[in-house]
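*Asks:* What follows is a predicted protein model with its sequence.
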Amino acid sequence: MTAELVRGQNHPLSGTRLEIRVSAGGPVVAGATLAGADGRVSGADRVAHPASHRLPGLEVSRQAAADHRLAVDLEALPEDVHRVHVLLALPTGAGGPTSFGALAAPFVAVTELDGAEIATYTITDLGVESAVVALELYRRQGAWKVRAVGQGYAGGLAAMLHDQGLEQAFETAAAINEAVTRGMARAVAPPPPRPAAVPEPPR
């Protein structure tokens, strides 16, 4: 039976290979950080995002979209990782909404690989925030659980990453935004012009 979580509630995870599915009212960036037992992220190489979409035990989307699927293999995570924070952020400079309050509440689900839902969480009460920690997967006494977090940041990705102790928070946030901007520009690039027809020579 699916556990419908509210903010702060947790639920045990029995399996180790999971998907985290995100549905939002518009394009969002989905990422994740790998943190130690103290909740701190030791370096930019522990942040999965569109420009660095694959880390040991974790894979995220390479573009901004309204729907995402993140793949997690808890057994493949580094030994010193005790927490996985799932992050959502609005793309900057894309001409879209600048705060989650302008969108429908994001919905996240932790599922088995076959799609069976383990736990779900609808992130409500967001206003001026442009980035949010949606979920936390955490290890305690050898077992993994998921917690509904829903902590938003009006300062965006940089403020969120700084709060998790990442020294390169602003540089990493800038790299993520640049990668997303490039990806969105490619997605809407106009088709190349058709070559002019060359008239056939008279026979």
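*Replies:* Received it, and whenever you're ready, just let me know what you need. Nothing here was measured: the structure is a model prediction, and the numbers come from that model.

*Asks:* any chance you could map the helices in this protein?
*Replies:* 156-163, 169-187 (DSSP state H).

*Asks:* Just put those in CSV and tack on mean pLDDT, mean neighbour count and distance to residue 40.
*Replies:* Just so you know, the C-beta spots here come from the backbone N, C-alpha and C atoms, and that holds for glycine as well. CSV is the format used below for these (pLDDT from 0 to 100; neighbours: other Cβ atoms under 10 Å; distance: least, Cβ to Cβ, whole Å):
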stretch, mean pLDDT, mean neighbour count, distance to residue 40
helix 156-163, 96, 21, 10
helix 169-187, 83, 17, 12
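
*Asks:* Relative to residue 22, which of the ones you listed is closest?
*Replies:* helix 169-187 (14.9 Å; Cβ to Cβ).

*Asks:* As CSV, could you dump the C-alpha coordinates of that closest one?
*Replies:* Listed next in CSV are the C-alpha coordinates belonging to helix 169-187 (Å, rounded to 0.1, in the frame of the first residue of the first chain):
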residue,chain,number,x,y,z
ALA,A,169,27.7,26.3,-4.0
PHE,A,170,27.5,29.4,-6.2
GLU,A,171,29.9,28.0,-8.8
THR,A,172,27.9,24.7,-9.0
ALA,A,173,24.6,26.5,-9.2
ALA,A,174,25.9,28.7,-12.0
ALA,A,175,27.1,25.6,-13.9
ILE,A,176,23.8,23.9,-13.5
ASN,A,177,21.9,26.9,-14.7
GLU,A,178,24.2,27.3,-17.7
ALA,A,179,23.8,23.6,-18.7
VAL,A,180,20.0,23.9,-18.4
THR,A,181,20.0,27.1,-20.5
ARG,A,182,22.0,25.5,-23.2
GLY,A,183,19.8,22.4,-23.2
MET,A,184,16.6,24.5,-23.5
ALA,A,185,18.1,26.6,-26.3
ARG,A,186,18.9,23.3,-28.2
ALA,A,187,15.4,22.1,-27.6
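
*Asks:* on contacts alone, who are the packing partners of it?
*Replies:* Contacts defined by 3 or more Cβ pairs under 8 Å, 6 or more residues apart in numbering; DSSP states H and E place helix 169-187 against strand 17-35, helix 156-163.

*Asks:* The helices of the chain: which one's closest to residue 91?
*Replies:* Closest to residue 91 of the helices of the chain, according to Cβ to Cβ: helix 169-187, at 4.9 Å.

*Asks:* Next, format the helices and strands packed on helix 169-187 as TSV and append distance to residue 136.
*Replies:* Converted to TSV, the helices and strands packed on helix 169-187 look like this (distance: least, Cβ to Cβ, whole Å):
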stretch	distance to residue 136
strand 17-35	9
helix 156-163	13
